[in-house]
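*Asks:* Quick one, fold the following:
(2 chains)
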Amino acid sequence: MSKSGSITAAGQNLWAKVPKANSELFALTYGSLITELIRDYDQNIPEINNQLDRIGYSIGVRCIDELFAKSEVNGVQIPSCRELRETAEVVAKIGFRMFLGVSCDVGKLTEKSFSLYLSENPLSIFVELPQNEVGVDGSSSHGPDWTQLKYSNVYCGVIRGALEQVNLKVECEFVGDMLQGDDVNEIKVEVKEVIADGAGEDYQEE
Amino acid sequence: MNSASPSGSPPKRSALLGTPTNVSEPAYEYLLSSILTWVENECHRQYQQLKNKKNLQENKENEKHTDVKDQSKGASKQDESMTQEKAEELVMIAENAAAKMERMGYDVGYRLSERLAQNKPMSSNTSGGKKATPAMIQLEAVKFICKEFWSEVFRKQVDKLQTNHRGVFVLKDLQFQWLKRLPADVEMARIMAIKILAFPCGLIRGALSNLGINTVVSCDFLADGKNMSACSFNIKVKSTT
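*Replies:* Take a look at the predicted model:
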């Protein structure tokens, strides 16, 4: 079996074993979070995106723990990642599959970055974004600019949080959003730094 | 790709919509607990903002009316009231956070109940041509919560339902999904559990409200010392529409 095939199989395997929760409940709960954010931040859209990213970060930190713990318990081998391509595959085929049960594809791979394509997004199953308000004279009015809203920005935080735990500092951006009329959801992940491992020289064993 | 239903059985609601029925439980739990943390921080921040505004106003007034000496005399007095104020502050923040979680639960419950009740006929309306009394309708609605709603949300049914037939219902769940992993007999766990429970209280209130029943929902622990996850939800009907 090819390496990418075994990664896909590992993802399927873990998804089969993990306990499930209702995806409508999931989507609605996330929706209520967005509602609260919009209420609290007075429709300041960039700040809402920012908050979502921060919430995602704390989720991601726990996700990667869960991923490694569960794969160990269930005897599923996660191949070690030597190149970015493998890391991307693991995030897409194991991470997204195990936690959300959706398929996710990798594309636009370069040395320092890759894109994740999500054709199904469990967060947005009931969602339709409002149109921007238009003033009487046709000019854009004072209402919030909904095209700025990255509804599923929590993913970016999750990926950032998870990869930081394995020494990869990344920046994520939600560049394509089906809610905004794009063909596919695209998350762009860019590696900024590989964090040096270990606790420094002071702690080395004699 | 979706978990397709085996041929012969009717297709599932979600299969019709073309979305996967499930996400993983950890994904949902992490989301919920992150929301909880966020709500707390948010309430803290809002309270602080409010206080800063107030302080600013007070300071301005103080500058106008008193000179600096008076203020230094009052300093020790201020210290005493500080600690008390601090405690009150924390209670305020916790209450705000609980209210916010409850409100979010209400939102979710209201919508989810709409989805689940869509294809379900009211059986008491049709039973034997008799007109259903409000009490019967209430009981049926609560049973719907105990069975369908509960099993969609928590993958199990409510263990025990009690009622006085006058608008009070008690739902007992001896192993409440979201509290299963909290240790028993630890004060911190208890505090955490109370925070978490605001959400399902809202869920129930929202779900019943969608069915035309206005209620107040509160919760209790059944066996604090031994098992944190045994809890009861007390529903009191206010009015039906």
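
*Asks:* Taking the centroid of chain A, which residue is nearest it?
*Replies:* In chain A, the residue lying closest to the centroid (CA atoms, centre = their mean) is residue A:155, at 2.5 Å.

*Asks:* wait, what's in contact with it?
*Replies:* By CB atoms under 8 Å, 6 or more residues apart in numbering or on different chains, the contact set of residue A:155 is A:56, A:118, A:123, A:172, A:174, A:187. C-betas here are computed from N, CA, C, even on glycine.

*Asks:* how does chain B divide into domains?
*Replies:* Per the record, chain B has its domains at B:25-97, B:104-237, by automatic domain parsing.

*Asks:* Do the longest one and chain A come into contact?
*Replies:* Translated: domain B:104-237. Yes: among the residues of domain B:104-237, B:104, B:105, B:107, B:108, B:111, B:112, B:115, B:152, B:153, B:155 lie within reach of chain A under CB under 8 Å from any CB of the partner chain.

*Asks:* Which strands or helices does the lowest-mean-pLDDT helix or strand in chain A pack on?
*Replies:* In chain A, no helix or strand scores lower on mean pLDDT, DSSP states H and E than helix A:3-17, which sits at a mean of 87. Using 3 or more CB pairs under 8 Å, 6 or more residues apart in numbering or on different chains; DSSP states H and E, the elements in contact with helix A:3-17 are helix A:45-73, helix A:84-89, helix A:97-100.

*Asks:* Go through those and pick out the most buried.
*Replies:* Mean neighbours per residue, mean count of other CB atoms under 10 Å in any protein chain shown, is largest over these for helix A:97-100, with a mean of 24.

*Asks:* Under the pLDDT cut-off, which ranges of the chain? List them.
*Replies:* I went with chain A, as the question did not name one. Along chain A, segments meeting pLDDT under 70 span A:1-2, A:135-142, A:198-206.

*Asks:* that's the wrong chain, I wanted chain B
*Replies:* Filtered on pLDDT under 70, chain B yields the residue ranges B:1-20, B:65-78, B:122-131, B:224.

*Asks:* contacting residues for the spatially closest residue to residue A:185 that is not a sequence neighbour?
*Replies:* Computed as CB to CB, 6 or more residues apart in numbering or on different chains, the closest residue to residue A:185 that is not its neighbour in sequence is residue A:118, at 4.1 Å. Listed by CB under 8 Å, 6+ apart, the contact partners of residue A:118 are A:96, A:102, A:104, A:155, A:184, A:185, A:186, A:187.

*Asks:* Do I have it right that the fifth one meets residue A:176?
*Replies:* Yes: the pair residue A:184 and residue A:176 passes the contact test of CB atoms under 8 Å, sitting 5.7 Å apart.

*Asks:* Which one's more surrounded, those two?
*Replies:* A count of neighbours by other CB atoms under 10 Å in any protein chain shown puts residue A:176 above the other of residue A:184 and residue A:176, at 17 against 14.

*Asks:* Chain B versus the closest residue to that one other than its chain neighbours, what's the distance?
*Replies:* Spatial nearest neighbour of residue A:176, excluding adjacent residues (CB to CB, 6+ apart): residue A:186 at 3.4 Å. In this structure, residue A:186 and chain B are 19 Å apart, going by CB to the nearest CB, to the nearest Å.

*Asks:* which residues does residue A:186 form a beta bridge with?
*Replies:* Bridge pairing for residue A:186 (DSSP bridges) gives the partners residue A:117, residue A:176.

*Asks:* so what secondary structure elements neighbour the helix or strand encompassing residue B:151?
*Replies:* Using DSSP states H and E, residue B:151 maps to helix B:150-154. Where contact means 3+ CB pairs under 8 Å, 6+ apart, helix B:150-154 is packed against helix A:23-40, helix B:75-117.

*Asks:* just so I know, which of those helices lies nearest residue B:202?
*Replies:* Checking the helices and strands packed on helix B:150-154 against residue B:202 by CB to CB gives helix B:75-117 as the closest, at 2.3 Å.

*Asks:* Of the helices and strands packed on helix B:150-154, flag the one that's most buried.
*Replies:* The highest mean neighbour count among those, using mean count of other CB under 10 Å, belongs to helix A:23-40: a mean of 21.

*Asks:* Extract the C-alpha set from that helix and format it as CSV.
*Replies:* What follows is helix A:23-40, C-alpha atoms only, in CSV (Å, rounded to 0.1, in the frame of the first residue of the first chain):
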residue,chain,number,x,y,z
SER,A,23,-23.6,16.9,13.6
GLU,A,24,-26.6,19.1,13.6
LEU,A,25,-26.1,19.8,17.3
PHE,A,26,-22.5,20.6,16.5
ALA,A,27,-23.4,23.0,13.7
LEU,A,28,-26.1,24.7,15.8
THR,A,29,-23.8,25.1,18.8
TYR,A,30,-21.2,26.7,16.7
GLY,A,31,-23.8,28.9,15.2
SER,A,32,-24.9,30.1,18.6
LEU,A,33,-21.3,31.0,19.3
ILE,A,34,-21.2,33.1,16.2
THR,A,35,-24.4,34.8,17.2
GLU,A,36,-22.9,35.7,20.6
LEU,A,37,-19.7,36.9,19.0
ILE,A,38,-21.7,39.2,16.7
ARG,A,39,-23.7,40.5,19.6
ASP,A,40,-20.6,41.1,21.8
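
*Asks:* Which neighbouring elements make contact with that helix?
*Replies:* Against helix A:23-40 (3+ CB pairs under 8 Å, 6+ apart) you get helix A:45-73, strand B:22-24, helix B:25-65, helix B:75-117, helix B:150-154.
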